[in-house]
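Trainee: dropping the sequence and predicted coords here.
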Amino acid sequence: MSQQLSRLYSISRKETRQIIGLMSGTSLDGLDIALCAVSGSGLNTSVRLRNFATVPYSEEVKTRIRTVFARKEVDFQYLIVLNEWIGMLHAEMITNCLQEWGVAAEEVDCIASHGQTVFHAPAHQHGLPDMPNATLQIGDGDHIAVRTGIITLSDFRQKHLAAGGEGAPLAVYGDYLLFSKKEENRLMLNMGGIANFTYLPRTLDASSVFVTDTGPGNTLLDAFSQKLFGLPYDKDAALARAGTVHTALLNALKNNPFFDAPFPKTTGPEVFNTAYVLKAQQETGTREISGEDLLATLTAFSAETIVAAIRQIILPGERYSLYASGGGMHNPLLMAYIQQELPEMKLAPSDDLGISGDAKEAVLFAILANETLAGEAVDYGSREGVPSVHMGKISLPR
C-alpha cells in the first residue's frame, strides 16, 4: 500500500479525527474556518469545535469574485485563473489561522473545503433542454492540499449532482447526523445569502429527512444595504426598522415560479438579485420609495417566504422546534417576523444545540468529510434531493 493510501486508512481508523471545515457562501463576506475534533460516524458522530474564525474577504477579493459571480457571461480565462487563486488564498488563510491557534499542520487529518460558489444552475432554473443540474464552486482543492500540506476533500456538490440531486443544500447530511433527537421534530433553518431548512423527524428515520431552499435569506438585504447606504449589511436591522413594508412590492417579489415549485428545490443570486427587485419596483411603481422602506419590504420578503415553505411541510397535531443559524439569525427583525408567523414553534439559535450558528456550515462540511473517510453509507431512501452518497474529492499533498 502506498504511503498516501496508508495515511488515509490510518485516518479512517482513528478514534477522533482533527478536521478543518471551510465555508464561503454567496454573501461573500469571508471564509469560515472551523477546526473540529470529530469522533465516530453516522448517528454516533460527535464533534467538538476546537477553534473557529471568519477571515473576512478584502474588497479586492470581493471585486474579483463578483467579476464572475452569478453571471451567465464571463471572461473564461479569468474564471480559470481565479479557481487556482482562490485555492491559494484559502490555503494562506488556513495556514495563518493554524499559526494563530498554535496548531501544527501535522496535527490536522484533513481539510473539508466547500469552495466559493460562483454559479448555481439547477435544470428548473437554467431551462436548457436535455441538460443536467449543475453548479460550480471554485478554489482548487489540490492547491489547498499542496500549500497546507494537509489532505483536502473538496468539490462536494458534484457527487450530489451525479446522483440526481441539485447539488444543494448539503447541510441535511450533517444536520441529520449531529442534530437529530428522538421524540423531537426539528427544523434546522439556515439563513445565509439563500435560506434553507432541514426537517429532522422525531422518529430518526433517515428516509423521511427533508431539505429545501426557501428563497432569499440575506442576499437582497445585503445587496441593497451596500447599494443604497454603502454598508456591508443592515446591522441590527436598524434601517429596516425605520421603514414601512410596501404590500404591493412585497406581493410582486413573491410572484415567482420558484415559490410554487414542488420540494425539494434550490435557487441562488442568479434569480434573486438587484435586477429582480428593480423589475418588481418598476412593475409596482415603487422605484421612489425610501431605502428604509425597501429594506423593510425585503426583510418581510425573506421572512414570509421562509414561513410559507415551513408551513407546507408541518403536520397538524405535531410539535416542532426551529433552530436558526447563518447571518440571518443576527437580524432581530427577520427573527421577530418568523417567530410572529410561527407562534406555536420554539425558535432558538443552533447555539442551543452546542454548535455556534456562525460556525455551523463549516462544521457540517467537516462532518461530510468524516463520513467519506470513516462512515458507512446511510440510507436516505429514494426520494429526490437527498441521495445516499459520500461526497468530496480527495486531494493529496504530494
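Mentor: Nice, thanks for sending it over.

Trainee: residue boundaries of the strands in the stretch 51-200 of the chain?
Mentor: In chain order, the stretch 51-200 of the chain shows strands spanning 110-121, 134-138, 152-154, 185-191, 194-200, with DSSP state E, counting those that start in this stretch as the criterion.

Trainee: just name the most buried of these.
Mentor: Among the strands of the stretch 51-200 of the chain, ranked by average contacts under mean count of other C-beta atoms under 10 Å, first place goes to strand 152-154 (a mean of 29). No exception for glycine: its C-beta is placed from N, CA and C like everyone else's.

Trainee: name the helices or strands packed onto that one?
Mentor: Judged by 3 or more C-beta pairs under 8 Å, 6 or more residues apart in numbering; DSSP states H and E, strand 152-154 is in contact with strand 110-121, helix 141-148, helix 360-374, strand 393-395.

Trainee: can you add distance to Ala70 and mean pLDDT and give these back as CSV?
Mentor: As requested, these are arranged in CSV below (distance: least, C-beta to C-beta, whole Å; pLDDT from 0 to 100):
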stretch, distance to Ala70, mean pLDDT
strand 110-121, 6, 96
helix 141-148, 22, 98
helix 360-374, 19, 96
strand 393-395, 24, 96
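
Trainee: show me where the stretch 1-150 of the chain dips below the pLDDT cut-off.
Mentor: By pLDDT under 70, the low-scoring segments of the stretch 1-150 of the chain are 1.

Trainee: roughly how far does Leu161 sit from Lys62?
Mentor: Note on Leu161: its distance to Lys62, by C-beta to C-beta, to the nearest Å, is 27 Å.

Trainee: same deal with Ile355?
Mentor: For Ile355, the distance to Lys62 equals 27 Å [C-beta to C-beta].

Trainee: comparing these two, which shows the higher neighbour count?
Mentor: Of the pair Ile355 and Lys62, Ile355 is the one with more neighbours under other C-beta atoms under 10 Å, namely 24 against 17.

Trainee: quick check, that one in contact with Leu49.
Mentor: Yes: with contact defined as C-beta atoms under 8 Å, Ile355 reaches Leu49; the gap is 6.7 Å.

Trainee: which residues do those two both contact?
Mentor: Common neighbours of Ile355 and Leu49, using C-beta atoms under 8 Å, 6 or more residues apart in numbering, are Val363.

Trainee: can I get the CA coordinates of stretch 307-323 in PDB?
Mentor: The C-alpha trace of stretch 307-323 is given here as PDB (Å, rounded to 0.1, in the frame of the first residue of the first chain):
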ATOM      1  CA  VAL A 307     -42.500  30.800   6.800                       C
ATOM      2  CA  ALA A 308     -44.600  29.800   3.700                       C
ATOM      3  CA  ALA A 309     -42.200  27.000   2.900                       C
ATOM      4  CA  ILE A 310     -42.200  25.700   6.500                       C
ATOM      5  CA  ARG A 311     -46.000  25.800   6.600                       C
ATOM      6  CA  GLN A 312     -46.100  23.500   3.600                       C
ATOM      7  CA  ILE A 313     -44.400  20.600   5.500                       C
ATOM      8  CA  ILE A 314     -45.600  20.800   9.100                       C
ATOM      9  CA  LEU A 315     -48.400  18.400  10.100                       C
ATOM     10  CA  PRO A 316     -51.500  19.100  12.300                       C
ATOM     11  CA  GLY A 317     -51.100  17.800  15.800                       C
ATOM     12  CA  GLU A 318     -47.300  17.500  15.600                       C
ATOM     13  CA  ARG A 319     -45.000  19.800  17.500                       C
ATOM     14  CA  TYR A 320     -41.800  21.300  16.000                       C
ATOM     15  CA  SER A 321     -38.700  23.100  17.300                       C
ATOM     16  CA  LEU A 322     -37.000  25.600  14.900                       C
ATOM     17  CA  TYR A 323     -33.300  26.200  15.200                       C
END
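
Trainee: sorry, back to before: turn the strands of the stretch 51-200 of the chain into JSON lines, columns for distance to His246.
Mentor: Formatted as JSON lines, those follow (distance: least, C-beta to C-beta, whole Å):
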{"stretch": "strand 110-121", "distance to His246": "29"}
{"stretch": "strand 134-138", "distance to His246": "33"}
{"stretch": "strand 152-154", "distance to His246": "43"}
{"stretch": "strand 185-191", "distance to His246": "22"}
{"stretch": "strand 194-200", "distance to His246": "21"}
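
Trainee: alright, calling it a day.
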